[in-house]
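In: With the input below, show me the fold.
(one chain, ligands or ions: 1)
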Amino acid sequence: MRQIECDVLRLWEHAFEPDPSNADKFYLNVAYPYPSGAMHVGHGRTYIAPDVIARFWRMRGRTVLYPMAFHVTGAPVIGISKRIARGDQKAISLYRDLYKVPPEVLAAFTNPLAIVRHFSDEYQRVMSACGISIDWRRRFTTVDPQYSRFIEWQWKHLGEEGHVVKGAHPVRYCPQCDNPVGDHDLLEGDKAEILRFTLVMFHWNDVLIPTATLRPETIYGVTNLWINPDVTYVKARVDGALWIISRAAAQKISLQDHTVEICNEIPGTSLIDQVVSHPLCGEIPILPARFVDPDMASGIVMSVPAHAPFDYIALRDLQADGRYTAISPVPLITVPGYGTLPAKDAVERAGITDQDDPRMDTLTQEVYSAEFGSGRLYEQYGGEPVKLARDTVSAYMTEQFGSIPLYEFDTRSVVCRCGGQVLVKILHDQWFLQYSDPAWKSQVSNLLEQMSLVPPEVRTEFERTIDWLKDWACTRKVGLGTRLPWDPAWLIEPLSDSTVYMAYYTIAHHLKSFSPDLLTPEVFDYVFLGRESPALPEREKLDVMRKEFLFWYPYDFRFSAKDLISNHLTFQLFHHVAIFPKPLLPKGMVVFGMGLLNGAKMSSSKGNVFLLEDAINEFGADTVRMFLVGSAEPWQDFDWRNELVASAKRQIERFMITVEESSAATGTPDELDRWLGSRLQGHITRMTEALERFQTRQALQEAFFGIESDLKWYRRRLPEGSAGSSYLAEFCSAWVRLLAPIIPFSSEYLWKKLGRPGMVSFSDWPASDQAAVDKRLELAEDLLFRTVEDIESIVKIIQMSPSTITIYTSPAWKYRVFQAVARAVDKGAVIKDIMKDEEMRKRGREVTDAVKQCTTLIHRLPPDVVSQLLEEIPDETATFRKAEKFLEKEFGVPVVVRDAGESVHAKASLALPFKPALVIE
Ligand SMILES: [Zn+2]
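Out: Residues are numbered from 1 along each chain as shown. Predicted structure coming up:
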């Protein structure tokens, strides 16, 4: 196996380097990888599934471009190299043990560029070993100087069009890296969203105790505060006033435009039973509660037991011990479907007795949504719907009672790649891509409407993302990348410098010979937008690039995993509409499902991955490919299990042996070969359609299992001693070509072995020949196949060796019944209609029985068989007589064929169309 792969790889060297041609083109691309670690099998599918599509269209005669580059912008590798430099065991073990980096290479990883250099070479090597047909001439990295010139050009346009604005915004921020962090920079919490809480300021002597809430309107129902007795809080001077908050909160607040100076520590216990006050709820006590999380917001919370299930249960539990019995919940919202105390109703209805009940979160959500959706404040609190009161009360408290906003994540634990906790910081002078701009959004929506999306269900997710996208902090202070042209103190962040690079691929190989200094915005304006300007350098080269860009662009399909819909895949649409004219806008996207390993999500940081290279070494590249694209459609999740992969390996081995054996056959083609050829046309049609729709799994079912089972039947039907006919060579040539996109190594090898000219990778895709289709022949063979199966199962059941087999074929009148039943619109009226026929009436009960049996049979038969039986009645007797020799060989006894209509045998009356009665004696 390995030898075959090596030989074939040599054959393919430089084979997939397309230049513009006279043929139609097909340009597909995949989100480029960030080469900071080894590829696992999950990455494998991301690049292999598009390769199947690339190979398919190449064989269909298109000039196909499948390029690849490496994304190295940003801070992640800097974080990794820092961790390695400081001897972080977790990082070292990941690289040494899981990614198998040799010690001398690992030692150099204290330089971040060494990491990306090492892994981009690795990626190229492993991608090639998988047979991915990439044009490597176009490879680049996002820190190449030529690429930086391209990004500067792109951003000049974005800036001039007013898409980049400056402002203060809350962003995810790593204090350890002193840098904002994007999705790609996170080890944990990449789905976390920033929420805006209101800090409600309670007074305690001369000190303020702030509690954060998303429901400021509930201030009227606060009965107490909760404080964690196990936590040590701090007294801090915040913007000049004294506050009590958790230590974590002090750090958070200091990142959000406040000056914070910690004065001293205060144990939680010393605050218990103290009385605080707020003008909107009066004086209330502080109660102990261990569920209060010091890492959440201010570390102290207000309690609204009438409307918050957690508060209700916590208070109830304290009161059950006879404490704080004077406190009763204070309701303030009416909501249909609940009584005066919604929290109490919800808890009691669900039968929850314990604060730790896992259903508490859902229950809380339920009450909150009901109150938000249809709740209304009591008249004495203003009478507004909760929806409106939320903002009214928040504004009122901000104006009158010193409330301020606090930004916090909606999920716990957001961790940077450097290992540090990520917090929310208000950044000033930060640059933002203004994705909130309604005009820009509507241009993107219009584009999306024109695009092909696979699978179609992702369309709503894209629409939702476009609608929901807010301004995006697009610059960073630290990392690798390109500086913002008009404000070089800032670097463009990784997601923002990888949005239109699909255009760059089209000319990447030409740019390598350009000095970066020559690559002014005017040069790119000419190449991409056709804009003339005086004194363009190297005009001839630019013309070649302009021509090449226009040949490939717009791209046909972009492939990426579904978790990139909410950022990258949508961002790239925004940038394309901002820069390129309509005829050059993207045409389609294919969105992938995720990879599982033995049922669990693959994750490098958790060590739950199987390296792609290990997989290739263990199973062979074709096996890996066949499993990855054949076990699920690209948009479905797939689950890598070694035992299933091993069975794919055996299937390929079987295929190779079968092809080598069959194509040597020399017999004279007969009716059986015509049958095989007829079936093949159907497989070709269906596989072609499947690949046109990106259904790699369906394609494999047709081209591998479908054809294999036909061939198996064909070989079984051959007379003793025959190895088949010379037609098999032609048949195998088609079979090998059909499988070439999926298992290209084996196919390339067999192609040579069959003595075919050139490479299978560039041979013609089999065309289905309608003249070779013989439906009657297929139907007859199907009847025979089904009957053989029936005989086998009867023989198995009766457990005796038969001495003769008699096949009673259906009498002609039952075919008339069958057709009447199949055609009938009103199934209830069928019998009446049939009985209009004099001859049928004479048969009486026999006919009503046949109607029932045919109804059942029609349900069981494939619809295409039923519709064929409506068109013509096959000569079943002739079919079986012709196969008598075969049947006798199969079962080793004489086989008799009779028309059931001419027999008086009791069982003969059971014969039905396409289901003869069988008597085995
Ligand atoms: Zn960090």
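In: How about residue 99, nearest residue that isn't a chain neighbour?
Out: Distances taken as CB to CB, 6 or more residues apart in numbering place residue 38 nearest to residue 99, at 4.1 Å, with adjacent residues excluded. Just so you know, the C-beta spots here come from the backbone N, C-alpha and C atoms, and that holds for glycine as well.
In: Just to check, the one you found is in contact with residue 94?
Out: No: look at residue 38 against residue 94 with CB atoms under 8 Å: they stay out of range, at 9.7 Å.
In: who's more crowded, these two?
Out: residue 38 (23 against 20; other CB atoms under 10 Å).
In: List the residues that contact that one.
Out: By CB atoms under 8 Å, 6 or more residues apart in numbering, residue 38 lies in contact with 98, 99, 100, 119, 122, 126, 611, 612, 613.
In: Which two among those residues are spaced furthest apart?
Out: Distance extremes for the contacts of residue 38: the farthest pair is 98 and 126 at 14.9 Å, using CB to CB.
In: more neighbours, these two?
Out: Remark: of residue 98 and residue 126, residue 126 carries more neighbours, 22 against 16, as counted by other CB under 10 Å.
In: Could you list every helix and strand in contact with the host helix or strand of the more buried one?
Out: Residue 126 belongs to helix 112-129 when assigned by DSSP states H and E. Packing partners of helix 112-129 (3 or more CB pairs under 8 Å, 6 or more residues apart in numbering; DSSP states H and E): helix 2-12, helix 76-85, helix 612-619.
In: Buried ones in the second one, by neighbour count?
Out: Right, the one you point to is helix 76-85. 76, 77, 78, 79, 80, 81, 82, 83, 84 (16 or more other CB atoms under 10 Å).
In: Nearest residue to the fourth one in space, ignoring adjacent ones along the chain?
Out: It refers to residue 79. Leaving aside its chain neighbours, residue 79 sits nearest to residue 418 (3.7 Å; criterion: CB to CB, 6+ apart).
In: for the first one, same thing?
Out: Leaving out its chain neighbours, the residue that sits closest to residue 76 by CB to CB, 6+ apart is residue 417, at 5.0 Å.
In: Would you enumerate the residues in contact with the one you found?
Out: 75, 76, 79, 80, 181, 185, 186, 187.
In: Pick the one among those closest to the ion.
Out: If you rank the contacts of residue 417 by distance to the ion using CB to the ion, residue 79 comes first, at 5.5 Å.
In: Quick test: name the residue nearest the centre of this protein.
Out: Centroid check for the chain by CA atoms, centre = their mean gives residue 593 as the closest residue, at 2.3 Å.
In: give me the low-pLDDT residue ranges for the stretch 501-650 of the chain?
Out: Residue ranges of the stretch 501-650 of the chain with pLDDT under 70: 605.
In: residue ranges for the strands of it, please.
Out: With DSSP state E, counting those that start in this stretch as the criterion, the stretch 501-650 of the chain has strands at 557-561, 588-592, 595-597, 600-601, 638-640.
In: Tell me which of these lies nearest to residue 254.
Out: Residue 254 lies closest to strand 600-601 among the strands of the stretch 501-650 of the chain, at 35.6 Å (CB to CB).
In: coming back round to it: of the buried residues of helix 76-85, closest to residue 700?
Out: Using CB to CB, the buried residues of helix 76-85 come closest to residue 700 at residue 76, 35.9 Å.
In: From residue 613, how far off is the residue nearest to residue 99?
Out: Counting by CB to CB, to the nearest Å, the gap from residue 38 to residue 613 is 7 Å.
In: Could you tell me which residues touch both of those two?
Out: residue 126.
In: got the residues of this structure near the ion?
Out: Within the chain, the positions near the ion by CB under 5 Å from the ion are 174, 176, 177, 416, 418, 420.
In: Next, count neighbours for the fifth one.
Out: The burial count assigned to residue 418 is 22, neighbours taken as other CB under 10 Å.
In: so it makes contact with residue 83?
Out: Yes: under the criterion of CB under 8 Å, residue 418 makes contact with residue 83 at 6.5 Å.
In: can you tell me the residue of the stretch 451-600 of the chain closest to the ion?
Out: Proximity of the stretch 451-600 of the chain to the ion (CB to the ion) peaks at residue 478, 9.3 Å away.
In: check contacts around that residue.
Out: Per CB under 8 Å, 6+ apart, neighbours of residue 478: 75, 78, 177, 178, 179, 491.
In: one more time with 7 Å, if that's ok
Out: 75, 78, 177, 178, 179 (CB atoms under 7 Å, 6 or more residues apart in numbering).
In: Got phi/psi on the residue nearest to the residue nearest to the centre of the chain when sequence neighbours are not counted?
Out: Spatial nearest neighbour of residue 593, excluding adjacent residues (CB to CB, 6+ apart): residue 637 at 4.1 Å. With angles defined as degrees, to the nearest 10, residue 637 sits at phi -70, psi 150.
In: how about low-confidence regions in this structure?
Out: 1, 184, 605.
In: By residue count, which helix of it is the longest?
Out: Criterion DSSP state H: the longest helix present in the chain is helix 775-798.
In: Please identify the buried residues of that one?
Out: 777, 778, 779, 780, 781, 782, 783, 784, 787, 788, 791, 795.
In: try stretch 140-160
Out: By 16+ other CB under 10 Å, the buried positions in stretch 140-160 come out as 140-144, 146-155, 157-159.
In: Could you do stretch 197-212 as well?
Out: For stretch 197-212, by 16+ other CB under 10 Å, it's 197-204, 208-212.
In: Then stretch 473-489?
Out: For stretch 473-489, the neighbour count (16+ other CB under 10 Å) marks 473, 474, 475, 476, 479, 480, 481, 482, 483, 484, 485 as buried.
In: Next: stretch 691-700.
Out: 691, 694, 695, 696, 697, 698, 699, 700.
In: Just the residues contacting that stretch, thanks.
Out: So stretch 691-700 is in contact with 49, 52-53, 56, 454, 590, 626, 629-634, 687, 690, 742, going by CB under 7 Å, 6+ apart.
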